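1. task: produce atomic coordinates for the following.
(one chain, ligands or ions: 1)
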Amino acid sequence: MQEATSVQPELELERHYVAGLYRRLDALRAEKAAQLARVRGTGAVGSMQNVSERDAFATMYEDRLAQLNAVEERLVFGRLDLDEEAPDGNSRYIGRIGLTDEDQGRLMIDWRAPEAGAFYQATALQRQGVRRRRHLILKNRDVIAIEDDVLDTALLSEGGHQQGEGALLAALTSKRTGRMTDIVSTIQAEQDRIIRTPLAGVLVVQGGPGTGKTAVALHRAAYLLYQHRERLKSAGVLLVGPSASFMRYIERVLPSLGETGVVMASLGRLMPGIRAVPEASREAARIKGRLDMAEVVARAVANRQRLPQGPRRVVVEGTALELHPRAVRRARDKARATHKPHNEARATFVKIMLRELADQLQEKLEESSGTGNSVDRSYLIEDVRSSRDVRIALNLCWMPLTPEKLIEDLFAKPEHLAAAAPQLSEAERRVLHRVPSSAWTEADVPLLDEAAELLGTFDASSGRAQAQQEAQRQRDIANAEQALRNVDAMLRETGNDGLVDAEDLAAMNEETEASLTAAERAAQDRTWAYGHIVVDEAQELSPMQWRLLMRRCPLKSFTVVGDIAQASSAASATSWDAAMEPFVGKRFTLEELTVNYRTPTQIAEAAARMAQAAGLVVSAPKAVREGEWAPVVDRLPAGTLLARLVEVLPEEVGLADGGLVAVIAPAAMLREARAAVVGLYGARVGSGSGGLDQDIVVTTAKEAKGLEFDVVLVLEPEQLVQEADGTVGDLYVAMTRATQRLRVLAEGTVPAGIEA
Ligand SMILES: Nc1ncnc2c1ncn2[C@@H]1O[C@H](COP(=O)(O)OP(=O)(O)OP(=O)(O)O)[C@@H](O)[C@H]1O
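-> Just a heads-up that it's a prediction; the model follows:
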């Protein structure tokens, strides 16, 4: 039973309490700022150890200060009144972080703490000891309204309540800003259950459009970091989304939940140092996404370990030697038997070959100088090694390679691809052909990653780069441990006794790894093993992209959210079973979200009807609210679409009333549609999720994936379908981006179902 109260005394009481919470927040901020200034003020003198300790402290205070600053908005949003009288009373305040007073008395509970679970879970049927759940609605630092869910009917007789707009509805109907906000104050029970699922294993969350999958994924990342801070802070959490504009759309949510240590990457950025563009050819994307491309890459690597056609003559210090295919094969087999990556196994190959040639050289020298005159072997090996002939010959057999070079050659040299990919038809191989130095695409990234895995470090003939990396990692860890051991000394040195409490010390213990920027290191290190990976819009991933991500998390701890019906990329999954099977078999848990929080009923139903008419199996979620408008469809004579767009746009912008308007166009129309809209609105027009002052966006369905807008205009739906090889996934996505209003402009046929 939901009630809102405007009873003045209750409101006054909450205002008073919330003002106290903000005072405490201010005090903590001032305290941390002072500690930070003091630590910085100690200067960079002293031993390395002191400097690293000071840096560790500074990072700890910076992190805490950043967290305290991030929670300003809607610091507190709930109160639970309980049956049980606890030592600190029978009310609990729920907020973004935990707060205690100077005497460690509890003022507010972190929403992720187990005791806060009932705020999201309790119902009238299963009260979980909750008598009343109160939502506090804040504007800046002031409580402007309170709204009660009374779960214990005995309380109802207290009277004085009146119906009001729910906190949830208020959140759902608010204007969009182009940036996602957190939902921490209104997480619904089915979402909360998923957010709090234990860390281990693969959790797949299927949900139709607008069911809060992205929101749930982000809150789950924050929850897991809170619950498993020690483990996840050092190993890190990776969050993967479909595009750069999507990453921009969600980037503020985790910081607003006080979490900054998550590595976020779009599919084009999963390989450090590579900034990939979308794959233009759907057919190329489909082929490159196939799992057997892993074998193709493996064969391409093996093919770079070559045998000479026949004996090859090499000259060392004026003496002619022979490189025999037989000897090369023996060395190659031994090098392969090390099971090391290509560049690292090369060292074994080279060593054996140098020995073999040195033997020959020794024999020849001894022959020419008469028996019994032995020659110093170490000189011989050096002579062989420094011979240009030998270097060229050995490189031809086993060239050190970068992943970029291997994959570039694979697609630029038809004979390389033919040898590595006999299973592809000639037509398929032609699709993959491209000129050297082409831009890397999203579909190349997993191939580059596969190649990197099989090639190993480029500078590995000496193993130097790897050794350096390992040494740096060891130094980092040693530094962190040292800093911890000397915490007491540091406290004395900086005069911080008493200001750093046990909690801070514990936090430092946990965060020292982060102070060595686990997230930054992880983002730059292709071989980093994450503690958990969250994948959004996961239906789009190709098998090869999954393979890459599985490699990044050997523990196979994943949160995977998506909607199979929205799949539109060429190599996307047709079911979660099919997507997961190659990697975890049936060992994943499938959860479903069933309520659409974004799209009003009329639009949600139109989109579902259209999808079903096209034969798509959609889990059509129940929309949580009615909209003001039914979808509008303009059927237009040929050649008039853009003129009509220019005509109706001002009306739609007016109806958006300061909110966001998106024009979603087929790729082939994008340029002219943008020109038409820019002609009207100039610099107000943006792309992706829009910029600061860009409240009108012209974009493709692919770019709009995961985003939302108050008003959506879909141009030429039939063409959107054609561009996606006749599938309606993109159109379904486009229609379900609207939070208020949808208008469809069509010169061609209007797909069945859009109109009731
Ligand atoms: N419990 C909630 N309280 C308030 N708002 C919510 C809640 N759940 C979801 N929303 C809002 O609903 C909208 C849709 O959520 P979200 O983008 O996470 O859905 P989605 O399932 O990822 O959608 P899609 O698959 O269509 O991209 C967002 O504006 C989100 O903030």
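2. can I get stretch 656-665 in PDB, CA atoms only?
-> Presented in PDB, the C-alpha positions along stretch 656-665 are these (Å, rounded to 0.1, in the frame of the first residue of the first chain):
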ATOM      1  CA  ALA A 656       9.500  17.200 -25.600                       C
ATOM      2  CA  ASP A 657       9.400  20.400 -23.600                       C
ATOM      3  CA  GLY A 658      13.100  20.700 -22.900                       C
ATOM      4  CA  GLY A 659      13.700  17.000 -23.000                       C
ATOM      5  CA  LEU A 660      15.700  15.000 -25.600                       C
ATOM      6  CA  VAL A 661      14.500  14.400 -29.100                       C
ATOM      7  CA  ALA A 662      16.100  11.700 -31.300                       C
ATOM      8  CA  VAL A 663      15.800  11.300 -35.100                       C
ATOM      9  CA  ILE A 664      16.700   7.600 -35.800                       C
ATOM     10  CA  ALA A 665      17.500   7.100 -39.500                       C
END
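3. which parts of that stretch are buried?
-> By neighbour count on 16 or more other Cβ atoms under 10 Å, the buried set for stretch 656-665 is A656, G659, L660, V661, A662, V663, I664, A665. From N, CA and C alone the C-beta is placed, and that goes for glycine too.
4. low-scoring stretches of the stretch 501-650 of the chain, by residue?
-> 501-518 (pLDDT under 70).
5. from it, which residue is nearest to the ligand?
-> Y597 (3.5 Å; Cβ to the nearest ligand atom).
6. returning to what we had before: now for the buried residues of stretch 656-665: which two are most distant?
-> G659 and A665 (19.7 Å; Cβ to Cβ).
7. which parts of the protein sit against the ligand?
-> Counting by Cβ under 6 Å from any ligand atom, the residues of the chain close to the ligand are 168, 171-172, 183, 186-188, 191, 207, 209-215, 563, 566, 597-598, 706, 708, 736.
8. can you do 5 Å?
-> 171, 183, 186, 188, 209-215, 597-598, 706 (Cβ under 5 Å from any ligand atom).
9. where's the dip in pLDDT among these?
-> Least confident of those in the model: A171, at 77.
10. not counting its neighbours along the chain, what's nearest it?
-> The spatially closest residue to A171, leaving aside those adjacent along the chain, is T186, at 5.5 Å (Cβ to Cβ, 6 or more residues apart in numbering).
11. check contacts around the residue lying closest to H342 once chain neighbours are set aside.
-> Once flanking residues are discounted, H342 sits nearest to L455: 4.6 Å by Cβ to Cβ, 6+ apart. Shown here is L455, whose contacts under the criterion Cβ atoms under 8 Å, 6 or more residues apart in numbering are V301, P341, H342, N343, L401, T402, P403, L406.
12. surely the first one is in contact with L406?
-> In this case it means V301. Yes: if you go by Cβ atoms under 8 Å, V301 and L406 touch, sitting 6.7 Å apart.
13. who's more crowded, the two?
-> L406 (25 against 22; other Cβ atoms under 10 Å).
14. now that one: how far from the ligand?
-> Distance of L406 to the ligand, given as Cβ to the nearest ligand atom, to the nearest Å: 36 Å.
15. and for S281?
-> As judged by Cβ to the nearest ligand atom, S281 and the ligand stand 26 Å apart.
16. how close does that residue sit to L291?
-> Using Cβ to Cβ, to the nearest Å, S281 is found at 19 Å from L291.
17. just checking, what packs against the lengthiest helix in the chain?
-> Longest helix in the chain, counting residues (DSSP state H): helix 8-41. Under the contact criterion of 3 or more Cβ pairs under 8 Å, 6 or more residues apart in numbering; DSSP states H and E, helix 8-41 touches helix 48-70, strand 76-86, strand 89-95, strand 99-100, strand 106-110, strand 130-139, strand 142-150.
18. which parts of that helix are buried?
-> Neighbour-count burial for helix 8-41 [16+ other Cβ under 10 Å]: 10-11, 14-15, 17-18, 21-22, 24-25, 28, 32, 35-36, 38-39.
19. cool, and stretch 192-200?
-> Residues D192, I194, I195, R196, T197, L199 are the ones in stretch 192-200 that count as buried (16+ other Cβ under 10 Å).
20. okay, how far is it across stretch 410-418, tip to tip?
-> Taking Cα to Cα, to the nearest Å, stretch 410-418 runs 9 Å from one end to the other.
21. tell me the one of the buried residues of stretch 192-200 nearest L636?
-> Here the nearest of the buried residues of stretch 192-200 to L636, counting by Cβ to Cβ, is I194; it sits at 43.2 Å.
22. list of residues touching the helix or strand the closest one falls within?
-> Assigned by DSSP states H and E, I194 belongs to helix 189-195. Identification of contacts with helix 189-195 by Cβ under 8 Å, 6+ apart yields 117, 120-121, 123, 183, 187, 203, 205, 212, 215-216, 219-220, 223, 591, 593-595.
23. please flag which of these sit within helices.
-> By the criterion of DSSP H, membership of the contacts of helix 189-195 in helices covers G117, Y120, Q121, A215, V216, H219, R220, Y223.
24. tell me how far the fourth one lies from E591.
-> What it means is A215. From A215 across to E591, the span is 14 Å (Cβ to Cβ).
25. comparing those two, which shows the higher neighbour count?
-> Legend: neighbour count by other Cβ under 10 Å for A215 and E591, higher for A215 (25 against 17).
26. next up, the contacts around the more buried one.
-> Counting by Cβ under 8 Å, 6+ apart, A215 has contacts M180, D182, I183, Q191, V253.
27. what domains does the record give for this structure?
-> The chain breaks down by the TED database into domains covering 6-160, 199-271+526-593, 282-455, 469-508, 601-746.
28. worst mean pLDDT among the ones you listed?
-> Per-stretch mean pLDDT for the domains of the chain is lowest at domain 469-508 (a mean of 41).
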